[in-house]
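Peer 1: Following is a predicted model, sequence given first.
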Amino acid sequence: MIYVLLFTIIALLAVIVLQMRLINRSRHEHEQKMEVLRRVIVELAGNSALKNQQLQLSDELMKRLRSANTVLSRDITVLVNEFVETLSAHNLLK
């Protein structure tokens, strides 16, 4: 009877040790996967910051282009008016 109990205890201890090793291996694999994910997150955050900066520059460029377009439109209007006045002053309008 004692042999059966000793065998059972040893078998259970072996199962416990195997389970502990499996848990440690799983924990190590999980840590490796998490490290890869952390690197990906850092890379994505860097890319996101770069894209946000590019978007901000693009918005600033659009504002400058709109402002330049407004100025050019005014200048063209002034030039057309001057041209028409010059033509009418020399009686070249029909």
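Peer 2: That came through fine.
Peer 1: Run through the neighbouring helices and strands of the helix or strand residue 35 falls within.
Peer 2: Using DSSP states H and E, residue 35 sits within helix 2-89. Helices and strands touching helix 2-89, as assessed by 3 or more CB pairs under 8 Å, 6 or more residues apart in numbering; DSSP states H and E, are absent. C-beta here means a position set from N, CA and C on the backbone, and glycine is covered the same way.
Peer 1: So what's the gap between it and the chain middle?
Peer 2: Centroid separation for helix 2-89 versus its chain: 3 Å, with CA atoms, centre = their mean, to the nearest Å.
Peer 1: What mean pLDDT does it get?
Peer 2: Averaging pLDDT along helix 2-89 yields 95.
Peer 1: So residue 49 versus residue 15, what's the distance?
Peer 2: Look at residue 49 and residue 15: by CB to CB, to the nearest Å, they are 50 Å apart.
Peer 1: ditto for residue 60
Peer 2: Distance of residue 60 to residue 15, computed by CB to CB: 66 Å.
Peer 1: That concludes my questions; thank you for your assistance.
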